[in-house]
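In: Coordinates for the following, if possible.
(chains A, B, C and D)
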Number of protein chains: 4
Amino acid sequence: MCRWMAYYGDPILADELLFQPVHSVIDQSLHARLGPNTTNGDGFGIGWYGEGKTPAVFKNILPAWNDRNLRELAGQIRTPLLFAHVRASTGTPVERSNCHPFRYGQWLWMHNGLIGGFLRLKRDLVMAVDPALYPAIEGSTDSEVLFFLALTFGLADDPPGAVARAVGLVEEIARRHGVPHPVQMTVATSDGECVWIFRYSSVGPPRSLFYSTDITQIRDLHPELESLRRLGPTTRFVVSEPMRDLTGAWNELPEGSYGVVHDGRYDLHAFVPVHAP
Amino acid sequence: MCRWMAYYGDPILADELLFQPVHSVIDQSLHARLGPNTTNGDGFGIGWYGEGKTPAVFKNILPAWNDRNLRELAGQIRTPLLFAHVRASTGTPVERSNCHPFRYGQWLWMHNGLIGGFLRLKRDLVMAVDPALYPAIEGSTDSEVLFFLALTFGLADDPPGAVARAVGLVEEIARRHGVPHPVQMTVATSDGECVWIFRYSSVGPPRSLFYSTDITQIRDLHPELESLRRLGPTTRFVVSEPMRDLTGAWNELPEGSYGVVHDGRYDLHAFVPVHAP
Amino acid sequence: MCRWMAYYGDPILADELLFQPVHSVIDQSLHARLGPNTTNGDGFGIGWYGEGKTPAVFKNILPAWNDRNLRELAGQIRTPLLFAHVRASTGTPVERSNCHPFRYGQWLWMHNGLIGGFLRLKRDLVMAVDPALYPAIEGSTDSEVLFFLALTFGLADDPPGAVARAVGLVEEIARRHGVPHPVQMTVATSDGECVWIFRYSSVGPPRSLFYSTDITQIRDLHPELESLRRLGPTTRFVVSEPMRDLTGAWNELPEGSYGVVHDGRYDLHAFVPVHAP
Amino acid sequence: MCRWMAYYGDPILADELLFQPVHSVIDQSLHARLGPNTTNGDGFGIGWYGEGKTPAVFKNILPAWNDRNLRELAGQIRTPLLFAHVRASTGTPVERSNCHPFRYGQWLWMHNGLIGGFLRLKRDLVMAVDPALYPAIEGSTDSEVLFFLALTFGLADDPPGAVARAVGLVEEIARRHGVPHPVQMTVATSDGECVWIFRYSSVGPPRSLFYSTDITQIRDLHPELESLRRLGPTTRFVVSEPMRDLTGAWNELPEGSYGVVHDGRYDLHAFVPVHAP
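Out: Now for the predicted structure:
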């Protein structure tokens, strides 16, 4: 199981997001509390929008808590939109190309979860990826394949619809192969303008996912907290696990739903995979 | 362009093969002489047969000349059959899964060369790999795909025939896509019993490849060389580039040919790709 | 806090020591049970005696549970004496030169613990190292400095005495600097013939350390365990944390003591630091 | 031998400095032209002034030409002052703590060259470092020790004087040990306000060092070059090796001299080591 964090708000130093919080996603690489594994030390990655339209990614196979370069960079990167992910591999090699977030054009993608029976389904899934996109796949993870299926189904035009069709396809192919529990996921994806978040599981409860309450409301609830004043009014966090125990600050995204994060708002909807006719 | 070396003979310390020779393949990672690039610093790997039937591999993305662990291990590995490869990437990421030699079951495979227009051909090539083998592909190189095509076409039963069909398929698919110069290769592969070597190019001269003269003959030619006495009578070297300037020691494998190295013998034959009817 | 394991007995495949046991030291890199931290993912190392007199070391900054090369090598290294260590840094950088075991000539050394207030004491400690040995120090850890102090005080001639004087010096220098709790340690060191183990703390309880009961006795206690039959009669394990819950198999080394492991015997003695007059 | 580049001018994207020039320092990691070695693949580092007063450093042991993260970051870092260094080790380990530039407080330091007979002199040199600074030394290179000697002698107050005393001390200690050619160096150091550059050798010619002509003059000489228009009027480059063959663009810093780069000016002076009375 992995952990991730998405931030969208006023430009902020990455250090404020990654190293200042009591239980940041970097801390969660070593001391995660929710779920069976406390350690997510199989590589990490950050992606952010800054200079130019294309997001940059910094990824490495070292555990996040150990990477000195990450700490250095965090003090220099100022961005309104940052993805951060710490990985616990479900089997595929620990290599940079298998770290999240994945990037294609202006899109970033990160995932906590897995595609059940992935190695049995992989060939059929990869063959469903648009041949024009296929050569861009560099790694060997299920997460990256899911991303490229979403791109294939039009992520750039209709992200929720594309993800719904991608997940539907995985479930369909899994059904054909007799794999009982194909999709376990929380996903965040962005084009630099909006952030879409998803929480879904084919069977049973999905991985945890929380989104933050409006910052002004949290400030009212906790006027004593200095750190909150450094956050702008449109600040939005979406996290696998709360970065801090703060009453009223975190809301669980309902199972089987997705959200659009934009302009400081969350628009929440039901998420229903679309199976091909 | 890469460099590789295969050794087959009496059990010998890997250090004798990798670090003692004047111009070993490790030296060739920094000072290669043949071909346009002197540096092959995009990772390296060794594979060898020792304990058990399955060969072991030690691969890393650091330049071979820099890896202290390689030096340590070389002093401890005693083997009758060793593959060593230093990489110069032709575009795919520098990651452990993209280093040679590749391994599947008892087979090792290493390659110097490339598949032209690989990204355009990749999907068709990968789809021709046996679906049962497909999930075992971990990297993103042309070399690994060529290996899995050879496995698909029966490397375990008829290595030269399988490689001929694999190369033939690449050429056929390249022709369909209008890629003019598909295959450039020297390849070594082994199951621990024999070593098969190949030297071929679809168009124009292939990469260099040399095999060593019988050790007793080299000793007669160079009685003053102490180091030769540490090599057993069945010693055979196959190299991209001679490890030492020694008159009479090296023979160029003819273009468009393959060899079977076994029992201290080389059986050389023409190599002709087989195109499907 | 770190974890380590020393094996001394009949030649055995490293894989039997590192990956077969239920709760091997590799498992302890991710799921340690004794002590505050479960994760020891700041690099690892193994050292072993094989070809030649000088032990070889294989060390890397990746977490031990992630290093594929380690798994490969473990299946090929056959040795009568192996040290294995997984690191949790107490502040110094995660780099190969800071991984254990350290080596000097025929000596290996690994340590679980720390020198309190090390940065304040470091200069004085390093200056006490024999000038002829000083240039061989490559890293920046307290563990390596303690090793070189032991070498300075004659580790090669009288290991227990040398370590006693080294620890005594650290305590003396710490006293001068007003550092209250200077030495926390379990140490294993070897010259390839014997293994010396130490368990000591200047103040309060030292780190855990266990040594194994005679193998024939463990076999009598647990006749049903197949894996025990693969171990020779002189098998001795010394571990930070038992590799397996097995009644009667593990004995705690008393606090403030050291042992000499040789010929399948343990000779245990009190360990008393020697302070210069 | 290493290669380095210092830039001081208007804020600019690091990518313009590291990857756009025909023969940038990154290209020089693989294809250096001056000096005996073409490859500087033993790690690299960049240091720059951006957010806050303390410069950030990004360093890694991979060859610079291979590090994807470097390419990513270069597209995001905008800075008026950047140091970049590619390393060819003169013996000390290839580890992050041995990569340049080194940093202490607001100071950056990088070096091409070596201290002759370093291992013999190391203890005496390190002991001359201010005890308060000593614990900050993390690596094992001569370059880092020279930096800390300069800091000891007051780099923060009088950089040229401090470096002159540091070099003088090295030469004095070398004389005592009978080392004939102690100091070979080009050095760049900065506090974020000025850049000081040094070119000196105890005996014989020092490593190459060039500084750029005033940008407006180069533009007049080469009006056709589009890329020059992206550089501000105070642009100053100091390089081991010119990044581009451009008549009139590069000036060799005289042997045995130093320069102060500030406000688009170079103030050049003789550099004479100061030996303690």
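In: Flag every residue of the stretch 51-200 of chain A that's near chain C.
Out: Within the stretch 51-200 of chain A, the positions adjacent to chain C are A:61, A:62, A:63, A:66, A:68, A:89, A:93, A:94 by C-beta under 8 Å from any C-beta of the partner chain. Quick note: C-beta positions are derived from backbone N, CA and C, even for glycine.
In: how deep is the fifth one tucked in, by neighbour count?
Out: Read that as residue A:68. 17 (other C-beta atoms under 10 Å in any protein chain shown).
In: How about the fourth one?
Out: The local packing count at residue A:66 equals 22, with neighbours defined by other C-beta under 10 Å.
In: That one contacts residue C:94, correct?
Out: Yes: assessed by C-beta atoms under 8 Å, residue A:66 is found in contact with residue C:94 at 5.0 Å.
In: Show me the common contact partners of the two, please.
Out: C:42, C:61 (C-beta atoms under 8 Å, 6 or more residues apart in numbering or on different chains).
In: that older thread, please list which of the residues of the stretch 51-200 of chain A next to chain C also come close to chain D.
Out: Contacts with chain D within these, counted by C-beta under 8 Å from any C-beta: residue A:68.
In: Export the residues of the stretch 51-200 of chain A next to chain C as CSV, with columns for pLDDT, distance to residue A:225 and secondary structure.
Out: Output for those, formatted as CSV (pLDDT from 0 to 100; distance: C-beta to C-beta, whole Å; DSSP: H, G, I helix; E, B strand; the rest coil):
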residue, pLDDT, distance to residue A:225, secondary structure
A:61, 97, 35, coil
A:62, 95, 32, coil
A:63, 95, 29, coil
A:66, 89, 29, helix
A:68, 97, 29, helix
A:89, 92, 36, coil
A:93, 94, 42, coil
A:94, 95, 37, coil
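In: Show me which residues of chain A sit near chain D.
Out: So far as C-beta under 8 Å from any C-beta goes, chain A lies against chain D at A:13, A:48, A:50-52, A:54, A:56-60, A:68-69, A:72-73, A:75-78, A:96.
In: at 7 Å instead, please
Out: A:13, A:50-52, A:56-58, A:60, A:68-69, A:72-73, A:75-78, A:96 (C-beta under 7 Å from any C-beta of the partner chain).
In: The helix or strand encompassing residue A:145 and chain B, any residue contact?
Out: Per DSSP states H and E: residue A:145 is located in helix A:142-152. No: using C-beta under 7 Å from any C-beta, helix A:142-152 never reaches chain B; the gap is at least 11.1 Å.
In: what's that helix packed up against?
Out: Contact partners of helix A:142-152 among helices and strands, from 3 or more C-beta pairs under 7 Å, 6 or more residues apart in numbering or on different chains; DSSP states H and E: strand A:102-104, strand A:107-115, helix A:118-127, helix A:159-177.
In: rerun that using 10 Å as the cut-off
Out: Packing partners of helix A:142-152 (3 or more C-beta pairs under 10 Å, 6 or more residues apart in numbering or on different chains; DSSP states H and E): strand A:102-104, strand A:107-115, helix A:118-127, helix A:159-177, strand A:183-190.
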